[in-house]
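[1] Could you look at this predicted model? Sequence included:
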Amino acid sequence: MSATPDPTSTPDAASSTVLSPKEFRYARAILLTALVAVGFGFTVLFAILGPLGREVGMSELQISSIIAASSLVVFLASPRWGRLSDRWGRKRVMVFGLFGYACGNLLFATVFHATLVGLLLPITGYLLLMLTRVMHASVMSAIMPSSSAYMADITSVATRTKGMGAVGAANNFGSILGPALGGLLAGITLLTPLWVASGIAVTTALFVIFLLPDIPKSQPQPALTTSGKPKKLSYFDPRILPYIIVGALMFMGMALVQQTLAFRFQDILGLTAVETAQTFGLAMGCSAAASLVSQIGLMQRINLTPFQWLRIALPVLAVAFACLGMANTQGLMIFAMVLQGAAMGVAGPAFSAGASLAVEPHEQGAVAGLAGSCGPLGFTIGPLLGGFFYQISPDLPYWFTFAIYLPLLVFVMRQRRGEKQRLIREEIKD
């Protein structure tokens, strides 16, 4: 493998004009440290929402619908936040999202507490939880597009995939801490993890304000429409459409599985609500650890194109879902989750890097928003399907996801030629 090029050496990197190599390393370290905390906050809820919802009398479909509704809002808002980061600056949008996350999370936890102690009727609590989570999501969705666009700004074409892999690794390290610590904190009260996550979000926002270097806003040079107005990047832009298709289906399958796994653990193992939060939190931590290992051990050491990584990861994911469909013991379920985590550790960053590499420098905020919205789109559809299928048969969500990934793998295999031609064009440009 060739040595990693200087990230400030190519004309498409913002760092070529604003960051020296030393400043680049510092900015990268601060950004990744902040993303560890973001990963904690984003995943701590998954360890406790299932058992917590059942404690207040919600059905699996109701619990899943809360995630689905908030994910729909993130899907709609992420592209707008991405474009705003092009105009306002990455750091400002990131800080706004972090403070919004902290406030929204506190409100969500407060409503859950009121429902648990009987101050709200279950149906009233459910509707208010839906409302507060939607409000929370509308602002929280600013974080990842601005963070991904910041990394794109300070990396070159040659280092973009590794940069996005580092973003994923930092987020996954936080994802190890989130479910694991969430499960431990749930031993105090089921809501303690949410209170702690809000405090960490505020601390992270202050960390970003004072330590993350600000970089100049991108100088847009967009194509114009026939009326003379700037042309907005679209989901259907042929440069990124293959990545959008892959991302939407990949994350839909992941969401469908992830949102039902807490129920699966509780029902198969006969656990209480607190035991479910602790056991499932440990399993999610193992999955995130496998993801981190694959990103550091593979993506940072081996140079492959985004679609080459996807062709490796998707078959492994399909096998993991089949294992979950057959699982009837804790050991097999944890093994399948570790396999799933390792594969998503390369699939997620590969998807993000591919979309980023497909567009021009002044479109990085926009593409980060569009690519970042694929996950929320998946988490809008996936939980609803998962909750519905789980009520029919507990193993149906996993076999359904397995079936989805087979044609997805065929689609990815057919993208080889187009990606090779695009990368040749990028090398000529550089």
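    Done, it's in. Remember, it's a predicted structure, so these values are computed and weren't measured experimentally. Residues are numbered from 1 along each chain as shown.

[2] So what touches stretch 90-101?
    34, 38, 41, 81, 84-85, 136, 138-143, 145-147, 149-150, 153, 198, 201-202, 204-205, 208-209, 212, 214-215, 365 (Cβ atoms under 8 Å, 6 or more residues apart in numbering). For the C-beta atoms, the positions are set from N, CA and C on the backbone; glycine is no exception.

[3] Output the below-cut-off pLDDT ranges for the stretch 51-200 of the chain.
    Applying pLDDT under 70 to the stretch 51-200 of the chain flags residues 172, 175-176.

[4] what does the stretch 201-350 of the chain give?
    Ranges of the stretch 201-350 of the chain meeting pLDDT under 70: 216-231.

[5] which stretches of it form helices?
    241-269, 273-294, 306-326, 330-357 (DSSP state H, counting those that start in this stretch).

[6] And the shortest one, how far out from the chain middle?
    Looking back up the chat, that one is helix 306-326. 17 Å (Cα atoms, centre = their mean, to the nearest Å).

[7] list the helices and strands that helix packs on?
    helix 241-269, helix 330-357, helix 396-413, helix 416-429 (3 or more Cβ pairs under 8 Å, 6 or more residues apart in numbering; DSSP states H and E).

[8] hmm, 7 Å instead?
    Other elements packing on helix 306-326 under the criterion 3 or more Cβ pairs under 7 Å, 6 or more residues apart in numbering; DSSP states H and E are helix 241-269, helix 330-357, helix 396-413.

[9] outside of the shortest one, which residues touch it?
    Applying Cβ atoms under 7 Å, 6 or more residues apart in numbering, the contact partners of helix 396-413 are 245-246, 249-250, 253, 256-257, 260, 307, 310-311, 314-315, 317-318, 321-322, 324-325, 386, 389-390.

[10] Can you flag the buried ones in the residues you listed?
    Taking 16 or more other Cβ atoms under 10 Å as the criterion, what is buried in the contacts of helix 396-413 is 245-246, 249-250, 253, 256-257, 260, 307, 310-311, 314, 317-318, 321-322, 324-325, 386, 389-390.

[11] Helices - which of the contacts of stretch 90-101 land there?
    Members of the contacts of stretch 90-101 lying in helices (criterion: DSSP state H): 34, 38, 41, 81, 84-85, 136, 138-140, 143, 145-147, 149-150, 153, 198, 201-202, 204-205, 208-209, 365.

[12] Quick one: buried ones out of the residues you listed?
    So, by 16+ other Cβ under 10 Å, the buried ones in those are 34, 38, 41, 81, 84-85, 136, 138-140, 143, 145-147, 149-150, 153, 198, 201, 204-205, 208, 365.

[13] ok, which stretches of the stretch 51-200 of the chain are helices?
    Counting by DSSP H, counting those that start in this stretch, the helices of the stretch 51-200 of the chain are 60-88, 90-116, 122-140, 143-153, 160-185, 192-211.

[14] So which elements touch the third one?
    Counting contacts by 3+ Cβ pairs under 7 Å, 6+ apart, helix 122-140 packs against helix 60-88, helix 90-116.

[15] could you give the angle of the shortest one to helix 192-211?
    Here the directions of helix 90-116 and helix 192-211 differ by 160 degrees (axes from the mean of the first three to the mean of the last three Cα atoms, to 10 degrees).

[16] Starting from residue 273, give me the distance back to the closest residue to residue 52 other than its chain neighbours.
    Closest residue to residue 52 apart from its sequence neighbours, by Cβ to Cβ, 6 or more residues apart in numbering: residue 190 at 4.9 Å. Using Cβ to Cβ, to the nearest Å, residue 190 is found at 7 Å from residue 273.

[17] Between the two, which contacts overlap?
    Joint contacts of residue 190 and residue 273 (Cβ under 7 Å, 6+ apart) are 51, 55.

[18] So these two - more neighbours on which side?
    residue 190 (24 against 18; other Cβ atoms under 10 Å).

[19] Please determine how far the more buried one is located from residue 272.
    Distance from residue 190 to residue 272, by Cβ to Cβ: 11 Å.

[20] what pLDDT does the residue nearest to the spatial centre of the chain get?
    Closest to where the C-alpha atoms of the chain average out (Cα atoms, centre = their mean) is residue 375, at 6.1 Å. Predicted confidence (pLDDT) for residue 375: 80.

[21] rewinding a little: include distance to residue 294 when you put the helices and strands packed on helix 122-140 into JSON lines, please.
    Below are those laid out as JSON lines (distance: least, Cβ to Cβ, whole Å):
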{"stretch": "helix 60-88", "distance to residue 294": "25"}
{"stretch": "helix 90-116", "distance to residue 294": "26"}
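
[22] Among the ones you listed, which comes closest to residue 381?
    Nearest to residue 381 among the helices and strands packed on helix 122-140 is helix 60-88; the distance by Cβ to Cβ comes to 7.3 Å.

[23] Once you drop chain neighbours, what's closest to residue 378?
    residue 251 (2.9 Å).

[24] OK, contacts around the one you found?
    374, 375, 378, 379.

[25] got it, and residue 211?
    Counting by Cβ under 7 Å, 6+ apart, residue 211 has contacts residue 30.

[26] could you check the distance from it over to residue 83?
    26 Å.

[27] try residue 366
    From residue 366 to residue 83 the distance is 5 Å (Cβ to Cβ).

[28] Neighbour count: these two, which is higher?
    residue 366 (28 against 24).

[29] A helix includes the residue nearest to the centre of the chain, no?
    Yes. Counting by DSSP: H, G, I helix; E, B strand; the rest coil, residue 375 is part of a helix.

[30] nearest residue to it other than its sequence neighbours?
    residue 251 (4.5 Å).

[31] Apart from its neighbours in sequence, what residue is nearest residue 90?
    residue 150 (4.0 Å).

[32] and what of residue 244?
    residue 235 (5.2 Å).

[33] Phi and psi next, for that neighbour.
    phi -60, psi -30 (degrees, to the nearest 10).

[34] residues near it, how many?
    Neighbours around residue 235, by other Cβ under 10 Å: 16.

[35] got the phi/psi numbers for residue 359?
    According to degrees, to the nearest 10, residue 359 has phi -120, psi 180.

[36] That one touches residue 365, doesn't it?
    No. Between residue 359 and residue 365 there is no contact under Cβ atoms under 7 Å: 10.3 Å.

[37] residue contacts, residue 64?
    Residue 64 touches 259, 383, 384, 386, 387, counting by Cβ under 7 Å, 6+ apart.

[38] Among the residues you listed, which one has the most neighbours?
    Neighbour counts for those, by other Cβ under 10 Å, peak at residue 386, which reaches 30 neighbours.

[39] Quickly find the element holding the nearest residue to residue 166 once chain neighbours are set aside.
    Excluding its sequence neighbours, the residue lying closest to residue 166 (Cβ to Cβ, 6+ apart) is residue 32, at 5.9 Å. Element membership for residue 32 (DSSP states H and E) is helix 21-55.
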